[in-house]
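K.L.:
coords below, sequence missing:
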């Protein structure tokens, strides 16, 4: 490496960061890991503006070292944890502190002139599933019949008009642990682990106590194969999820992907490979994990794209894909190493 710094913005629990950082350091990379839970507890930011034509000096003091952010050449963005503040703060003070921290840190990252995998603004823009579906259809994918609603009666109408079973999933990636006990229109079933949950008659029962939390509903699509497609820079890595072998492990949900699923390498038509890559790049992303289905007639159906998705559970079953190496290569290459 040339002494340029790679920053990984992540959380304490992210195994992907553990693995990639270890590989980068084996190559001699200067890597700084920033867990959002450590801000501002053990990570301090200083932005100073000088007189005249002197530019801003941006320093990051992390644990026992000081990092000049002007030397940063690559940043890898992973799912973040929560900011850490004094337990003595009142609820409104904690909310204000979190908003201020997010505003400063996120805008600071955006100001860095370097390679991103991927910029926070691009990740945010790509995270709205409704727009994902619209864009995917415009780019040539088929998409499931879908509705997003806060109206329990609309849920019932969608179910009645559907040609078969329907599933629901969380829109924001929230979990029960972050939902503070709230129940969404599907009684929090979609918040359990981020996977799709089959909507049963019990979940459709009217309940006036439900708050108007939006839920996404989709018809289940008949499929010949499930595909996981990971985009790293310009590279495309596809794996087929073996449906029958994984159905029991998925808890009976036809759209769910269990951790560590049985899978194998998949060969995509070049037009589909290009479409997947173009879809991710159209948001300004350099990374994305797409979930696709292939119908019995051979049509490719888009389910979603996760701009900070996981890949180790796929690579564990199909090491030959080499996704981790591709991530490391991309970060190292764009940092000058």
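P.N.:
Sure thing, it's come through. Keep in mind that what you see is a predicted model, and the values were worked out from it rather than measured.
K.L.:
so where do the helices sit in the stretch 51-200 of the chain?
P.N.:
Taking DSSP state H, counting those that start in this stretch to define them, one finds helices in the stretch 51-200 of the chain at 91-111, 120-125, 129-138, 152-161.
K.L.:
need these in CSV (columns: mean pLDDT, mean neighbour count and distance to residue 293).
P.N.:
For the C-beta atoms, the positions are set from N, CA and C on the backbone; glycine is no exception. As requested, the helices of the stretch 51-200 of the chain are exported to CSV (pLDDT from 0 to 100; neighbours: other Cβ atoms under 10 Å; distance: least, Cβ to Cβ, whole Å):
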stretch, mean pLDDT, mean neighbour count, distance to residue 293
helix 91-111, 82, 13, 34
helix 120-125, 92, 17, 24
helix 129-138, 95, 16, 12
helix 152-161, 82, 15, 20
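K.L.:
adding distance to residue 17, write the ones you listed out as TSV.
P.N.:
Formatted as TSV, those follow (distance: least, Cβ to Cβ, whole Å):
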stretch	distance to residue 17
helix 91-111	16
helix 120-125	15
helix 129-138	25
helix 152-161	38
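K.L.:
residue ranges with poor pLDDT in this protein?
P.N.:
The model of the chain has pLDDT under 70 over residues 1-3, 49-58, 62-63, 173-196, 200-212, 243-261, 337.
K.L.:
domain assignment for it?
P.N.:
Annotated domains of the chain cover 5-113, 145-219, 222-334 [automatic domain parsing].
K.L.:
of all those, which one is nearest residue 120?
P.N.:
Closest to residue 120 of the domains of the chain is domain 5-113 (Cβ to Cβ; 5.2 Å).
K.L.:
start to end distance for the closest one?
P.N.:
One end of domain 5-113 to the other measures 13 Å (Cα to Cα, to the nearest Å).
K.L.:
how far away from the center of its chain is that domain?
P.N.:
Domain 5-113 has its C-alpha centroid displaced from the chain centroid by 19 Å (Cα atoms, centre = their mean, to the nearest Å).
K.L.:
over to stretch 137-144?
P.N.:
For stretch 137-144, the separation from the chain centroid amounts to 20 Å (computed by Cα atoms, centre = their mean).
K.L.:
you'd agree residue 104 is up against residue 45?
P.N.:
Yes - between residue 104 and residue 45 there is a contact at 6.9 Å, judged by Cβ atoms under 8 Å.
K.L.:
distance to residue 138 added to the domains of the chain, as JSON lines?
P.N.:
JSON lines is the format used below for the domains of the chain (distance: least, Cβ to Cβ, whole Å):
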{"stretch": "domain 5-113", "distance to residue 138": "26"}
{"stretch": "domain 145-219", "distance to residue 138": "15"}
{"stretch": "domain 222-334", "distance to residue 138": "10"}
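K.L.:
deepest in the core, which of these is it.
P.N.:
Most buried of the domains of the chain, by mean neighbour count (mean count of other Cβ atoms under 10 Å): domain 222-334, with a mean of 18.
K.L.:
returning to that earlier point: now list whatever residues contact both of residue 104 and residue 45.
P.N.:
With contacts defined as Cβ atoms under 8 Å, 6 or more residues apart in numbering, no residue is adjacent to both residue 104 and residue 45.
K.L.:
now the helices for the stretch 201-337 of the chain?
P.N.:
With DSSP H, counting those that start in this stretch as the criterion, the stretch 201-337 of the chain has helices spanning 243-246, 270-281, 312-317, 323-334.
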